[in-house]
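how would this look folded up:
(chains A and B)
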Protein chains: 2
Amino acid sequence: MQNPIAIFDSGLGGLTVMRQVAKHLPAEDIVYFGDTARVPYGTKSPETIERFATEIVQFLLRFSPKVIVVACNTVSATALPALQILFELPIFGVVIPGCAAALRASRSRRIGVIGTEATVAADAYRRTIVQNDPSAVVVSRACPLLVPIVEEGRTADDPIVAAVLEEYLAPLKKAQIDTLVLGCTHYPLLRPAVERTMGDGVAIVDSAVEVAKAVHSQLESSGLLRQSDRRGEYAFYASDNAERFARIGRRFLGRLVQNVQHVVPDEDFLAPAVGVM
Amino acid sequence: MQNPIAIFDSGLGGLTVMRQVAKHLPAEDIVYFGDTARVPYGTKSPETIERFATEIVQFLLRFSPKVIVVACNTVSATALPALQILFELPIFGVVIPGCAAALRASRSRRIGVIGTEATVAADAYRRTIVQNDPSAVVVSRACPLLVPIVEEGRTADDPIVAAVLEEYLAPLKKAQIDTLVLGCTHYPLLRPAVERTMGDGVAIVDSAVEVAKAVHSQLESSGLLRQSDRRGEYAFYASDNAERFARIGRRFLGRLVQNVQHVVPDEDFLAPAVGVM
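Residues are numbered from 1 along each chain as shown, chains lettered A, B, ... in the order given. I've put the predicted structure just below:
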């Protein structure tokens, strides 16, 4: 594994981001870290989230990544600027690519955003969109049940999923948005149900797809794109419960999650990083 | 605060246990710790849960508690024996009192248990019941959505709650249980909806009530019961997001949650404990 793309998330949701990165950049090596011992970040304070994210980036630097992708919406919305100041390599979050895609897709400039409690409270999607277009109207809604619903294995055709989405999305439909950002890595797995609930005429923006495109552009313009026919290698690290990570993660990644290694933050994260710093 | 009862949980759910302890032992001081930085434990591995629980007990020892109550079903089901070996003071879990109450309540010896993924996987309720009555039939069901449903503030009359309970409890109704153990501290808040779904003729066992009675008996028989007309004092500690803890915890405790202090496990837990060790 050589100068991989490093991706991290509070848990296994970021595997939907890895799925898109692997699809758009099939030759690249990818290392993924999921902080499954401390998931979810969605109900934690900004200070705690920043501390956890800093520790994780320090851990990832030992792989000498050429770029880091913060797959976690909560971290992207709260700690990304701090990480970008602290570390020298390019670090991508999911918020900015998601907002850019929403602004491209929307005609009415009425844009909806759904995410966790912390992502919505951090208000980063709304602020980013309005900074770029002050005339845009952003309607946000926290949907706390959707993450456990996805992790439980419920799919888009489950009646509980339909009932919960109907309730969560009602104010967004009423606000007559024409574009909806899936502001959480778990939500792409419910995309068919979200589309059905919102109806035709509402564009769905998947931040995972958008960040993969952004990484591709960055690597291409900086001459770091791997030109090769071989498929990239993948490595997985989780801070707890590697077995559950592999079992549930399969649905997120769309392929087998193999050889997940367990790292305990307290011990492994303090070892000297052999990175690009 | 003098030789309090110390109660801990992975988060704020254990406040339902504190509520019952305060009700049954109104003169006692109580110190509560919620590990809100690392909640939920329900999807973590047994090794990690045991490590967290040991750290928390070490922290609580500085208050010289006369007894410790593990309000967390997940910890009670996985790490309690280890804690009882490691530490000398009496440590109560919620599983054994809950099982004892279920065995007293059940006539048909067909007993249901609902809890988190980890509690059901740990199988402690079933094993404990069957050890005491090999003829008992225990039907367990993990209900991963109920904790986030309660924390979101949904109440027993919410249609989503009714739909989710209808689905989760269907196999228990089919198994014709006559007693159902609420094997998670969050569930008492949904008790009216659980009763409605199960119908008459099914006794509901709330472990919080049972552990409060068990602590009362222990203190009485050991001569440690506080004989006083003054009301006990309460202190709260949380490892993250004290504001959210106080705000949401109020519904669990049934009264204001005041003066929540923030303690960060990594720093504060390693300080020397001034305890009864």
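
What residues does the residue positioned nearest the centre of chain A make contact with?
Among the residues of chain A, A:Ala71 comes closest to the average C-alpha position under Cα atoms, centre = their mean, at 3.0 Å. In this structure, A:Ala71 makes contact with A:Ile7, A:Phe8, A:Asp9, A:Gly13, A:Gly14, A:Thr16, A:Val17, A:Met18, A:Val94, A:Thr185, A:Ala208, A:Val211, judged by Cβ atoms under 8 Å, 6 or more residues apart in numbering or on different chains. Glycine gets a C-beta too; all of them are placed from N, C-alpha and C.

Just say helix, strand or coil for the first one.
This points to A:Ile7. Using DSSP: H, G, I helix; E, B strand; the rest coil, the three-state assignment for A:Ile7 comes out as strand.

Quick check: closest non-adjacent residue to it.
With sequence-adjacent residues excluded and distances taken as Cβ to Cβ, 6 or more residues apart in numbering or on different chains, A:Ile7 is closest to A:Val69, at 4.5 Å.

So which bits of chain A are right by chain B?
Neighbours of chain B within chain A, by Cβ under 8 Å from any Cβ of the partner chain: A:36-40, A:43-45, A:48, A:144-145, A:147-149, A:151-152, A:159-160, A:163-164, A:167, A:240-241, A:244, A:266.

Buried only: go through these for me.
Neighbour-count burial (16 or more other Cβ atoms under 10 Å in any protein chain shown) applied to the residues of chain A next to chain B gives A:36-40, A:43-45, A:48, A:144-145, A:147-149, A:151, A:160, A:164, A:167, A:240-241, A:244.

Okay, strands next: where are they in the stretch 51-200 of chain A?
A:67-70, A:91-92, A:110-115, A:137-142, A:179-182 (DSSP state E, counting those that start in this stretch).

Now do the helices in the stretch 151-277 of chain A.
Listed in chain order, the helices of the stretch 151-277 of chain A (DSSP state H, counting those that start in this stretch) span A:159-174, A:191-198, A:207-221, A:242-253, A:265-268.

could I get those as CSV with mean pLDDT?
As requested, the helices of the stretch 151-277 of chain A are exported to CSV (pLDDT from 0 to 100):
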stretch, mean pLDDT
helix A:159-174, 97
helix A:191-198, 97
helix A:207-221, 96
helix A:242-253, 94
helix A:265-268, 59
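
And the ones you listed: which comes nearest A:Ser64?
Nearest to A:Ser64 among the helices of the stretch 151-277 of chain A is helix A:207-221; the distance by Cβ to Cβ comes to 14.9 Å.

Show me which residues of the closest one are buried.
Neighbour-count burial for helix A:207-221 flags A:Ser207, A:Ala208, A:Val209, A:Glu210, A:Val211, A:Ala212, A:Lys213, A:Ala214, A:Val215, A:Leu219 (criterion: 16+ other Cβ under 10 Å).

Can you name the residues that contact the closest residue in space to the third one that isn't next to it in sequence?
Spelled out, that is A:Val209. Closest residue to A:Val209 apart from its sequence neighbours, by Cβ to Cβ, 6+ apart: A:Gln20 at 5.1 Å. For A:Gln20, the residues meeting the contact criterion (Cβ under 8 Å, 6+ apart) are A:Asp206, A:Ala208, A:Val209, A:Val211, A:Ala212.

Then A:Ala82?
A:Ala82 makes contact with A:Glu50, A:Ala53, A:Thr54 under the criterion Cβ under 8 Å, 6+ apart.

10 Å instead, please
The neighbourhood of A:Ala82, defined by Cβ atoms under 10 Å, 6 or more residues apart in numbering or on different chains, consists of A:Pro46, A:Ile49, A:Glu50, A:Arg51, A:Ala53, A:Thr54, A:Val75.

Tabulate the residues you listed in CSV, adding columns for neighbour count, pLDDT and distance to B:Arg251.
What follows is the contacts of A:Ala82, written out as CSV (neighbours: other Cβ atoms under 10 Å in any protein chain shown; pLDDT from 0 to 100; distance: Cβ to Cβ, whole Å):
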residue, neighbour count, pLDDT, distance to B:Arg251
A:Pro46, 16, 85, 24
A:Ile49, 24, 90, 25
A:Glu50, 18, 93, 29
A:Arg51, 17, 92, 29
A:Ala53, 26, 95, 31
A:Thr54, 16, 95, 34
A:Val75, 30, 93, 29
